[in-house]
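Enquirer: could you work out the structure for the sequence below:
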Amino acid sequence: MRIIFSFLVALLFLACNNPASNKVSSVDTLKNVKQIHEIPITEDTIFQAFSGEPIWSVFVIRDKEIVFMPGDDAKLVFPFVKPTTVSEEIMKYSSVTCNSAIEMTVISAPCSDGMSEMTHPYLVELKVNKREFTGCGTDE
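Expert: As a prediction, the model looks like this:
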C-alpha cells in the first residue's frame, strides 16, 4: 500500500512540474478583440440616444457634431444641426455628409431600454442611411 501511495505522490509531483504546461503561447489573442469606441461625452453633449439590441448610440454635441456609434462598425460623424420641432412632443435632427445621412426623431415619451429596466424620458427612432433603429434617449 505504501508503494502505491508513494507512486501516486511522485506521479502527482511530476504532473504539477510538467515543463510543457509552462510554455507561453505566441498566439496574439488581442487580434480578435473588438475595441469599444471612445464615448464622446463632454459638457457640450446635449442629447444621448442608445439601444442595447442591437447595440448603438448617438451623441449630439452642441455646435459641433452628431456622432453615431454602431456596436459592430466604425463610428459616423455628422455636422451638428439644431433640431426642428415637429410638435410639442416631437423634434427631429437631420444631418448629412458626402456619403451618409442621419435622421433622428426624438419623442417625449417614457422609454424602457429593456436591459437595465431603467425608464428614460425619450423614445428615439433613428435612421442612418437605410438602416432603422429604435431606442431611448436622455438630455441629462
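
Enquirer: list the contacts of the spatially most central residue of the chain.
Expert: Nearest residue to the geometric centre of the chain (C-alpha atoms, centre = their mean): G71, 4.6 Å. Residues near G71 by C-beta atoms under 8 Å, 6 or more residues apart in numbering: 54-56. For the C-beta atoms, the positions are set from N, CA and C on the backbone; glycine is no exception.

Enquirer: need phi/psi at it.
Expert: Per-residue torsions, G71: phi -70, psi -20 (degrees, to the nearest 10).

Enquirer: one more: F80?
Expert: The phi and psi values for F80, taken as degrees, to the nearest 10, are phi -70, psi 140.

Enquirer: wait, isn't it in contact with I66?
Expert: Yes - if you go by C-beta atoms under 8 Å, F80 and I66 touch, sitting 6.1 Å apart.

Enquirer: okay, these two: which has more neighbours?
Expert: I66 (21 against 16; other C-beta atoms under 10 Å).

Enquirer: distance of that one from F47?
Expert: For I66, the distance to F47 (C-beta to C-beta, to the nearest Å) stands at 9 Å.

Enquirer: residues that sit against both of these two, list them.
Expert: Residues touching both I66 and F47 (C-beta under 8 Å, 6+ apart) are 58-60, 93.

Enquirer: biggest separation within these, which pair?
Expert: Spanning the widest gap among these are F59 and Y93, at 11.3 Å by C-beta to C-beta.

Enquirer: quick check: E117 is in a strand.
Expert: No - counting by DSSP: H, G, I helix; E, B strand; the rest coil, E117 is not part of a strand but coil.

Enquirer: so the nearest residue to P121 once chain neighbours are set aside bridges to which residues?
Expert: Closest residue in space to P121, ignoring its immediate chain neighbours: T138 at 6.1 Å, by C-beta to C-beta, 6 or more residues apart in numbering. Beta bridges link T138 to Q48, judged by DSSP bridges.

Enquirer: on that earlier part again, adding neighbour count, distance to S87 and secondary structure, write the contacts of G71 out as a markdown table.
Expert: Shown next, in a markdown table, are the contacts of G71 (neighbours: other C-beta atoms under 10 Å; distance: C-beta to C-beta, whole Å; DSSP: H, G, I helix; E, B strand; the rest coil):
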| residue | neighbour count | distance to S87 | secondary structure |
| --- | --- | --- | --- |
| P54 | 11 | 28 | coil |
| I55 | 14 | 30 | strand |
| W56 | 20 | 25 | strand |
